[in-house]
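**Q** how would this look folded up:
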Amino acid sequence: MKAFWCLFALGIFLHIHEGQAQCPTPFEAFFLGDSGTLECLYFDVEKKREWHEGRTACQSLGTDLAVLDYEDLHWQVISYIHKHQDMLDEGFHIGCTDEVTEGVWLWTDGRAVDMYSSHWYPGQPDGGRRENYCCLYYDDFLYNSCVNGQRLYTICMI
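**A** Numbers count the residues shown, from 1 in each chain. Below you'll find the model as predicted:
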């Protein structure tokens, strides 16, 4: 019987992955390359906020700042931004910080950020105690340590 339910669930998953899956409005659907897992992201470009204000705005939607270390999700986000001309000259707060312990970067879900990842802009993070919040900054949208208090748009993730 367990095998039946596993196959049934797999069938539902495969059917959903074929384009049937939806994220709640205003979230956009992204599928992780190897697993096909659905991730829903919201690019909040209504108001620029400081990192904590952006996180609060995401949490008011029942979400949190985006954790972009899953497989190819960060690369998909960069591609998405490049397809939207109004976003190309902007920056976005995402969900990592070293505000608790200087130099120890953590995602908002508590996992460590890979400091040797190609997702970091060369030389980043570099701001010491002046730059404790992770953001994607134009024109490459790689991870950067952004100045405390900097007002940027926010990416939320369910």
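**Q** Show me the contact partners of the strand or helix carrying residue 52.
**A** If you go by DSSP states H and E, residue 52 is part of helix 51-60. Residues from elsewhere that reach helix 51-60, judged by Cβ atoms under 8 Å, 6 or more residues apart in numbering: 42, 44, 47, 49, 64-65, 93, 95, 97, 108, 132-133, 135, 146, 148, 150, 152-154, 156-157. Every C-beta, even on glycine, is put in place using the N, C-alpha and C of the backbone.
**Q** Check the burial of the residue lying closest to residue 72 once chain neighbours are set aside by counting its neighbours.
**A** Spatial nearest neighbour of residue 72, excluding adjacent residues (Cβ to Cβ, 6 or more residues apart in numbering): residue 33 at 4.4 Å. When counting by other Cβ atoms under 10 Å, one arrives at 13 neighbours for residue 33.
**Q** Could you do residue 84 as well?
**A** By the criterion of other Cβ under 10 Å, residue 84 has 11 neighbours.
**Q** Which residues does the nearest residue to it once chain neighbours are set aside form beta bridges with?
**A** The spatially closest residue to residue 84, leaving aside those adjacent along the chain, is residue 43, at 7.9 Å (Cβ to Cβ, 6+ apart). Beta-bridge pairing for residue 43 (DSSP bridges): residue 155.
**Q** still on that earlier bit, quick one, which of the contacts of helix 51-60 are buried?
**A** 42, 44, 49, 64-65, 93, 95, 97, 108, 132-133, 135, 146, 148, 150, 152-154, 156-157 (16 or more other Cβ atoms under 10 Å).
**Q** So which of these are in strands?
**A** Those of those mapping onto strands are 42, 44, 49, 64-65, 93, 95, 97, 133, 135, 146, 152-154, 156-157, per DSSP state E.
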